[in-house]
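Trainee: Need coordinates for the following:
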Amino acid sequence: MFYRDDRLALFIDGSNLYSAARALGFDIDYRKLLSEFASRGKLIRAFYYTALMENEEYSPIRPLVDWLEYNGYTLITKPTKEYTDSAGRRKIKGNMDIELAIDAMEMVDHVDHLVIFSGDGDFRRLTEALQRKGKRVSIVSTIRSQPPMIADELRRQADAFIELEDLSDVIGRAQRPRPNDIDQHSPASDGHDENDHD
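Mentor: Numbers count the residues shown, from 1 in each chain. Now for the predicted structure:
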């Protein structure tokens, strides 16, 4: 439930939101997303979290990051870490959970309602802590993908669960065909994709 006088803050786990939208078959239009939530209350801040590959000559996510930074989002980034797993496969890690949690706790005294765009079960304790401070917490993710993108314990803890697929007509645009279904992202003027680093 949103109230017009509520001060809102958005916390967008970029790779998690990208994965959920992609599983549902649409891309996020970030201009529409900002507009939609600004219409639901007094939007104080919209944080967007993503890890960036530092050593790449061109990062496919760079145009998105630049666009978001100039269009009303507060960007929180850090370099990805590369490691080799036990099977000898090269992996890239870029978890932004701690950054999101710290920012949410720092913003708690300045807002009434926090909206977290992630289904990561690690955010259940954060949600509980924010609620203990008298704040409402909504979670945006999906249970309609296979497998569901939201942890059940997070969905139960939240004051409200917003099904991402129900927002697709408002904040989405049709998914562009991708060559060989590889994560090849090019920016569009009205919104962008997110590269999944986790």
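
Trainee: After the helix or strand of the chain with the lowest mean pLDDT, heading C-terminal, what element do we hit next?
Mentor: Of all helical and strand segments in the chain, the minimum by mean pLDDT, DSSP states H and E falls on strand 90-93, at a mean of 70. Secondary structure here is assigned by DSSP states H and E; on that basis, the next helix or strand after strand 90-93 toward the C-terminus is helix 97-107.

Trainee: show me where the chain has strands.
Mentor: 7-13, 26-28, 42-52, 74-79, 81-84, 90-93, 113-117, 136-141, 160-163, 172-174 (DSSP state E).

Trainee: which strands and helices sit next to the third one?
Mentor: Using 3 or more CB pairs under 8 Å, 6 or more residues apart in numbering; DSSP states H and E as the contact criterion, the elements in contact with strand 42-52 are strand 7-13, helix 14-24, helix 30-38, helix 62-70, strand 74-79, helix 97-107. (Each C-beta comes from the backbone N, C-alpha and C, glycine too.)

Trainee: Any chance of JSON lines for the ones you listed, columns distance to Glu163?
Mentor: Below are the helices and strands packed on strand 42-52 laid out as JSON lines (distance: least, CB to CB, whole Å):
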{"stretch": "strand 7-13", "distance to Glu163": "16"}
{"stretch": "helix 14-24", "distance to Glu163": "10"}
{"stretch": "helix 30-38", "distance to Glu163": "14"}
{"stretch": "helix 62-70", "distance to Glu163": "24"}
{"stretch": "strand 74-79", "distance to Glu163": "25"}
{"stretch": "helix 97-107", "distance to Glu163": "21"}
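
Trainee: ok, and which of these has the densest surroundings?
Mentor: Using mean count of other CB atoms under 10 Å, the stretch among these with the largest mean neighbour count is strand 7-13, at a mean of 24.

Trainee: Run through who's touching that one.
Mentor: Counting by CB atoms under 8 Å, 6 or more residues apart in numbering, strand 7-13 makes contact with 2, 37, 40-49, 73, 96-97, 100, 103-104, 107, 110-118, 120, all of which sit outside it.

Trainee: What pairs with that strand, parallel or antiparallel?
Mentor: Applying DSSP bridges, strand 7-13 is found paired with strand 42-52 (parallel), strand 113-117 (parallel).
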